[in-house]
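Sequence below, structure please.
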Amino acid sequence: MAAPFPSILIVLHDFALGGTERVAIRLARGWAERGVAVTIFAGSNDGPLRALAGSHVEIVVADPPISRKHGSRRRLARAARAFVARRRFGHVFVPGNFHWPVAAALAGTGIGVTAQVSAALDKPQRGPIRQWAFEMRMRRLLRGVNAVVTLSDRARDQADRILRRRVSTTIALPALADYAPAALPTPDTSPPVIVAAGRLVPEKGFARVIAAVAALPDASVRLVIVGDGPEKAALRQQSEALGIADRVELVGYVADIRPWLDTARLFVLASDFEGYPAVLVEALAAGRPVVATDCTPATGLLDAPGAGMVVPLGDSAALSRAIAAMLAQAAPNPARLSALVEHHRIGAVAAAYLDLFAGVRP
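So this is what the prediction gives:
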């Protein structure tokens, strides 16, 4: 595919282990492999994801580097504006809510700017006053962008309402490689294994998952938690207090969750809120059903027969009942679950972004 514009600039604060960074780098590599000149302007080299960009993506780091701290996003925005004053790009992609200050700085520079919505736009935990403040900030930061990309139709409609103009387009999350391995049969092992994954912070709900497993009628079920974070010690203490420490394994950060999904009977997502979590898509692609809290529009994928169950937020008892119900059912056809998320493969998603960029005029 020939590039319909000279080049694409992506602005990232750094290469931290975050969903926004992973998606942006995955898209950068996908565009570069399609013959588009792609540059990532980063505030700093911090974080382990830089290597994912491959050899065809140019990476430019701010000089002096800008590390994450109070006010650093404003400094990143100023540095990015100075950078585009020296270099001409066909389009700028600003990934995720975290980077919206960059979108505000680059709007009006004569370059097309597309901003992505990566996190939930309406969190019940905010309350009405904080929600109003969030929407005012979003409107201020994105008022000059040419296009907004959301990961679901629900978020698209919310974004257009907040921004008071029809500027948003839904493009699927690029959660899957084009040549990901086929879904394997569900392991017929005893005891069954449940997998949960994410950063170990309170809003991800891992404490609820541990409580739900402790309450299961089958006292042999094993839980594997993939990820790292500040709650690790507390989660280990909780599993010890509940008497299930021998059945709960915290494996830390892994570069690829797929081998753990292959061992699982079920994946559990118990967050308080999510934008559109890649790990839910990855679980279905591996052929594993999902029990999830009602924390993301992505749970719409679980409406398909056998794909999983959705439970209310913050309800460990409901989570435990749903896990027990799913474990009691016959394992679904892995290929059928994998087919539900084919539209999340990087090739189709990267092409959809390029089509959007080609139609944007600053």
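
Pull out the buried positions in the helix or strand hosting R78.
Following DSSP states H and E, the helix or strand that holds R78 is helix 72-86. Buried residues in helix 72-86, counted by 16 or more other C-beta atoms under 10 Å: S72, R73, R75, L76, A77, A79, A80, R81, F83, V84. In short, each C-beta sits where N, CA and C put it, glycine included.

mind checking how far it is from the chain centre?
Counting by C-alpha atoms, centre = their mean, to the nearest Å, helix 72-86 is centred 25 Å from the centre of its parent chain.

follow-up on the earlier one: out of the buried residues of helix 72-86, which one sits closest to W132?
R73 (21.6 Å; C-beta to C-beta).

Now the closest one: closest residue in space that isn't a chain neighbour?
Distances taken as C-beta to C-beta, 6 or more residues apart in numbering place P101 nearest to R73, at 4.6 Å, with adjacent residues excluded.

And the residue nearest to G227 when sequence neighbours are not counted, its phi and psi?
In space, and not counting its chain neighbours, G227 is closest to G198: 5.0 Å by C-beta to C-beta, 6+ apart. When quoted as degrees, to the nearest 10, the phi and psi of G198 stand at phi 150, psi 180.

G198 touches V268, doesn't it?
No. Between G198 and V268 there is no contact under C-beta atoms under 8 Å: 10.4 Å.

So which of the two has more stuff around it?
Taking neighbours as other C-beta atoms under 10 Å, G198 and V268 compare with V268 leading, 28 against 22.

pLDDT score for the more buried one?
pLDDT recorded at V268 is 98.

Just give me how far whichever strand or helix holds it sits from the chain centre.
Element membership for V268 (DSSP H and E) is strand 266-269. Put simply, strand 266-269 sits 16 Å off its chain's centre (C-alpha atoms, centre = their mean).

Tell me the strands beside that strand, with direction?
strand 193-197 (parallel), strand 290-293 (parallel) (DSSP bridges).

Enumerate the beta-bridge partners assigned to the closest residue to V279 other than its chain neighbours.
Leaving aside its sequence neighbours, V279 sits nearest to A197 (C-beta to C-beta, 6+ apart; 5.1 Å). A197 has the following beta-bridge partners by DSSP bridges: V226.

Am I right that A197 is in contact with I225?
Yes. Look at A197 against I225 with C-beta under 8 Å: they come within range, at 7.1 Å.

who does the helix or strand bottoming out on mean pLDDT in the chain touch, helix- and strand-wise?
Scoring the helices and strands of the chain by mean pLDDT, DSSP states H and E places helix 19-33 at the bottom, with a mean of 92. Applying 3 or more C-beta pairs under 8 Å, 6 or more residues apart in numbering; DSSP states H and E, we find helix 19-33 packed against strand 7-12, strand 37-42, helix 278-285, helix 346-358.

Now tabulate those in a markdown table and tack on distance to K123.
Formatted as a markdown table, those follow (distance: least, C-beta to C-beta, whole Å):
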| stretch | distance to K123 |
| --- | --- |
| strand 7-12 | 24 |
| strand 37-42 | 28 |
| helix 278-285 | 18 |
| helix 346-358 | 26 |
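
got a list of what A119 touches?
G96, N97, F273, E274, G275 (C-beta atoms under 8 Å, 6 or more residues apart in numbering).

run the last query once more with 6 Å
Counting by C-beta atoms under 6 Å, 6 or more residues apart in numbering, A119 touches N97, G275.

Ok, E249 next?
So E249 contacts V224 (C-beta under 6 Å, 6+ apart).

how about it, secondary structure?
Taking DSSP: H, G, I helix; E, B strand; the rest coil as the rule, one finds E249 in the strand state.

Show me what counts as buried in stretch 17-24.
In stretch 17-24, counting by 16+ other C-beta under 10 Å, buried: G18, G19, T20, E21, R22, V23, A24.

does the nearest residue to the fifth one once chain neighbours are set aside count as helix, strand or coil?
It refers to R22. Using C-beta to C-beta, 6+ apart and skipping the chain neighbours, the partner closest in space to R22 is L49 (6.2 Å). Secondary structure, three-state DSSP: L49 is helix.

how near is V84 to L356?
Here V84 is placed at a distance of 20 Å from L356 (C-beta to C-beta, to the nearest Å).

To clarify, my last question referred to P202.
Applying C-beta to C-beta to P202 and L356 gives a distance of 36 Å.

could you give the angle of the least confident helix or strand of the chain to helix 346-358?
Counting by axes from the mean of the first three to the mean of the last three C-alpha atoms, to 10 degrees, helix 19-33 points 80 degrees away from the direction of helix 346-358.

how much does helix 19-33 deviate in direction from strand 37-42?
150 degrees.

hmm, back to that, show me what the helix holding R78 is in contact with.
V11, H13, F41, G43, A62, I66, P101, V102, A105, T109.

Report the strands that pair with whichever helix or strand comes after that helix, each with its relative direction.
Elements were assigned by DSSP H and E; along the chain past helix 72-86, the next helix or strand is strand 91-94. Paired neighbours of strand 91-94 in the sheet (DSSP bridges): strand 7-12 (parallel), strand 112-116 (parallel).
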